[in-house]
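Chemist: fold the stuff below for me.
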Amino acid sequence: QVQLVESGGGLVQPGGSLRVSCVVSGFTLDDYAIGWFRQAPGKEREGILCISSRDGSTYTADSVKGRFTISRDNAKKTLYLQMNSLKPEDTAVYYCAAELAIESSCPIEDYLAVWGQGTLVTVSS
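Modeler: Numbers count the residues shown, from 1 in each chain. A predicted model of the protein is given here:
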């Protein structure tokens with residue numbers, strides 16, 4: 001059974017850092033494009049980071065470039081989102097996603113994605 005479970009959200013002050021994790025089951029991280037999305041209050045869901053070992057593609061949204069990074073631990077079946085220099089506008093529910101398609105590639109297509117339940121990150125003083 002395919003499952004993605006995020007953890008690690010919370011309240012952080014502006015300028016601070018936070019790492020969010022996503023443990024997956026039912027598929028191998030190396031076989032598909034995997035990444036992170038976020039949805040801020042009143043806004044559409046936004047893809048922010050993606051990596052794919054299948055074809056070497058990557059994607060980084062301008063809004064997080066230079067501040068957020070994506071990494072993974074295949075042995076732990078875990079995807080990570082490291083967030084630095086956080087701003088109030090980074091407040092959102094953060095979702096991990098996998099594009100479980102034959103020719104999976106970055107950026108992830110919403111309609112092909114499998115999602116986690118999301119974890120809330122609030123940036124506020």
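
Chemist: show the average pLDDT along stretch 69-79.
Modeler: Summarised as a single mean, pLDDT over stretch 69-79 is 95.

Chemist: what comes up buried for it?
Modeler: For stretch 69-79, the neighbour count (16 or more other C-beta atoms under 10 Å) marks 70, 72, 78, 79 as buried. C-beta: built from backbone N, CA, C; applies to glycine.

Chemist: next one: stretch 117-125
Modeler: Quick answer for stretch 117-125 (16+ other C-beta under 10 Å): 118, 119, 121, 123.

Chemist: so which of those residues is the closest to residue 54?
Modeler: residue 118 (24.9 Å; C-beta to C-beta).

Chemist: packing partners of the worst-scoring helix or strand of the chain on mean pLDDT?
Modeler: Among the helices and strands of the chain, strand 113-115 carries the lowest confidence by mean pLDDT, DSSP states H and E, at a mean of 93. Here strand 113-115 touches strand 92-99, going by 3 or more C-beta pairs under 8 Å, 6 or more residues apart in numbering; DSSP states H and E.

Chemist: what strands line up against the strand it packs on, and which way round?
Modeler: strand 33-39 (antiparallel), strand 113-115 (antiparallel), strand 119-123 (antiparallel) (DSSP bridges).

Chemist: residue 101: which of these is closest?
Modeler: That would be, of the strands paired with strand 92-99 and by C-beta to C-beta, strand 33-39, which comes in at 8.3 Å.
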